[in-house]
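> Need the 3D shape of this:
(chains A and B)
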Amino acid sequence: MAEADPIRRLIHQLSRLPGVGEKTATRLAFHLLRADRAICLDLARALEEVSAQVGLCGRCANLAAIDPCPTCRDERRTDDTICVVERPQDQWALERAPEYRGRFHVLHGALDPLSGIGPEQLQIASLLHRLAPAAVREVILATNPTVEGEATALYLARLLKPLGVKVTRIAQGVALGSEIEYADQGTLSRALAHRHDFG
Amino acid sequence: MDYGEADRILTLLTREMGRISARAPGARRSQKRFAGRLDRFALVAVRLSGPPHRLTLLEAELEEPFLGLRDRLESSAAAAYVVEVSAALSPEGEAQPRIFGLVLEALAHLAEADGPPSPDLLRAFELKALDAAGLMPALDACAACGGPLAGEGIGFSPAGGGAVCPDHAAADPAASPLSPADVHHLRALARAPLGEPRADVGRAAHRRQASALRTFLDAQLGRRPRSAAFLEQVMET
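Residues are numbered from 1 along each chain as shown, chains lettered A, B, ... in the order given. Reported below is the predicted structural model:
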């Protein structure tokens, strides 16, 4: 049932956001009420615009206000490599690595049989469609190193390799700046299994 | 499942308490607190606090990550199936040490396998899991009349409680067809240690046995495990 009181309604709507409990929602709501009225209106406008304008890019399935998205339109990027990620925010993170100048593809999730998420729920058909013109030489699988992410990478590798495209997986192991003493067993096992020639 | 600001609600299959839920505070926000220790299909030593219906995870130590499950799609899909079936057969809060041991054994076999899991491993797991839950299908004699399981037309009846003689199979439209050799094979799988190699019975026999046992299992669980469709898909490709 909708709340009649606008303050309570705002708190209720904010608390529906991921990672926001009722306490934080209340804090945010009263912050907005105390803030400059323009801040509230700008926020409302931004939400309305996001809701009305943002959709999936017809090429990479990333969220964008224009189609194709700015990354797909970027002529400085090369078409011969596609980096596959689970979520739009993963693409944003990878765009911080200036070494990569290829394209992206967003799956919008990972295979999760326990939750009933299979290949049909992911943007896999659109990825295969992109490979059809044969301009793509390499697909980098940058799904998360979780059980679900690994299963997704294995599934995609099985689909992609028969198409003659080079399939690679992002490296896994000890994080930069971390200490081996505090790394978990799984990370260390992966780091040792994927060691490479050096020096 | 995400919970509140930064927590996660975990479903744990434990040796001492069976299937339980516990809140892992800060599991989503902190990269350090439980990093790499709360992923699926791993054996973890945990320290919990609170009453049984409101458990909180205080510490988690990774004991066995079963990393081999991440190297093969069929193994990963089978692990999901093993875990889902085991959880479904484990009532919340009731210790099920046999099911717990069976899960560890099955995950170890799947993680160490050089190839896709054999159909026999999956059937043996299903039989042993049903047995551990007190739902073992009849395999020695007709579940309906106690008569011999011989001749053409033997069936496997979810409602009847297992293998049924030709007369009772004919009377049960839901019974899956099986041969006497299929029943003998399933009986051997149920009694042998999990993963013990057996002579190959051929693709057609594997399909019949899988279909009969899965139909029986679905009926006992009251639903089809969500992971079953994906497992079937990857095992066929």
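
> Test my guess that B:V103 contacts B:V83.
Yes - using Cβ atoms under 8 Å, B:V103 is in contact with B:V83, at 6.7 Å. C-betas here are computed from N, CA, C, even on glycine.

> number of nearby residues for residue 40?
Answering for chain A, as no chain was given. 13 (other Cβ atoms under 10 Å in any protein chain shown).

> that's the wrong chain, I meant chain B
B:R40: 18 surrounding residues under other Cβ under 10 Å.

> Domain map for chain B?
Taking automatic domain parsing as the domain assignment, the ranges for chain B are B:2-64, B:68-236.

> Redo those domains as TSV? Include distance to A:I11 and mean pLDDT.
Shown next, in TSV, are these (distance: least, Cβ to Cβ, whole Å; pLDDT from 0 to 100):
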stretch	distance to A:I11	mean pLDDT
domain B:2-64	14	83
domain B:68-236	33	93
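
> Tell me which of the ones you listed is the most buried.
The highest average neighbour count among these, using mean count of other Cβ atoms under 10 Å in any protein chain shown, belongs to domain B:68-236 at a mean of 18.

> So is that one next to chain A?
Yes - remark: domain B:68-236 sits within contact range of chain A at B:69-73, B:76-77, B:79-81, B:83-84, B:226-227, B:229-231, B:233-234, by Cβ under 8 Å from any Cβ of the partner chain.

> Could you point out the longest helix of chain B?
helix B:203-221 (DSSP state H).

> So which elements touch that helix?
If you count contacts as 3 or more Cβ pairs under 8 Å, 6 or more residues apart in numbering or on different chains; DSSP states H and E, helix B:203-221 packs onto helix B:73-88, helix B:119-132, strand B:155-157, strand B:176-177, helix B:180-191.

> please redo it, this time with the cut-off set to 7 Å
With contacts defined as 3 or more Cβ pairs under 7 Å, 6 or more residues apart in numbering or on different chains; DSSP states H and E, the packing partners of helix B:203-221 are helix B:119-132, strand B:176-177, helix B:180-191.

> What is the subsequent helix or strand relative to that helix?
helix B:226-236 (DSSP states H and E).

> List the contacts of that following helix.
Identification of contacts with helix B:226-236 by Cβ atoms under 7 Å, 6 or more residues apart in numbering or on different chains yields A:113-116, A:118, B:73-74, B:77-78, B:80-81, B:84, B:116, B:214.

> if you set the cut-off to 8 Å instead, what comes out?
Helix B:226-236 is contacted from outside by A:111, A:113-116, A:118-119, A:155, B:73-74, B:77-78, B:80-81, B:83-84, B:116, B:119, B:214, using Cβ atoms under 8 Å, 6 or more residues apart in numbering or on different chains.

> any idea of the angle it forms with helix B:73-88?
Orientation check (axes from the mean of the first three to the mean of the last three Cα atoms, to 10 degrees): helix B:226-236 against helix B:73-88 gives 160 degrees.

> re earlier: dump the helices and strands packed on helix B:203-221 to JSON lines, plus distance to B:L43.
Shown next, in JSON lines, are the helices and strands packed on helix B:203-221 (distance: least, Cβ to Cβ, whole Å):
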{"stretch": "helix B:119-132", "distance to B:L43": "17"}
{"stretch": "strand B:176-177", "distance to B:L43": "35"}
{"stretch": "helix B:180-191", "distance to B:L43": "25"}
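
> what separates the closest residue to B:E112 other than its chain neighbours from chain A, distance-wise?
Once flanking residues are discounted, B:E112 sits nearest to B:G68: 5.8 Å by Cβ to Cβ, 6 or more residues apart in numbering or on different chains. For B:G68, the distance to chain A equals 10 Å [Cβ to the nearest Cβ, to the nearest Å].

> B:A78 is in contact with B:G68, correct?
No - counting by Cβ under 8 Å, B:G68 sits too far from B:A78 to count as a contact (11.7 Å).

> quick one: which helix or strand includes B:A22?
strand B:18-24.

> Give me the packing partners of that strand, helices and strands only.
strand B:7-14, strand B:55-64.

> So which of the ones you listed is nearest B:L139?
Minimum separation from B:L139 across the helices and strands packed on strand B:18-24 (Cβ to Cβ) falls at strand B:7-14, 26.4 Å.

> strand partners of the closest one, parallel vs antiparallel please.
Note on strand B:7-14: by DSSP bridges, its sheet partners are strand B:2-3 (antiparallel), strand B:18-24 (antiparallel).
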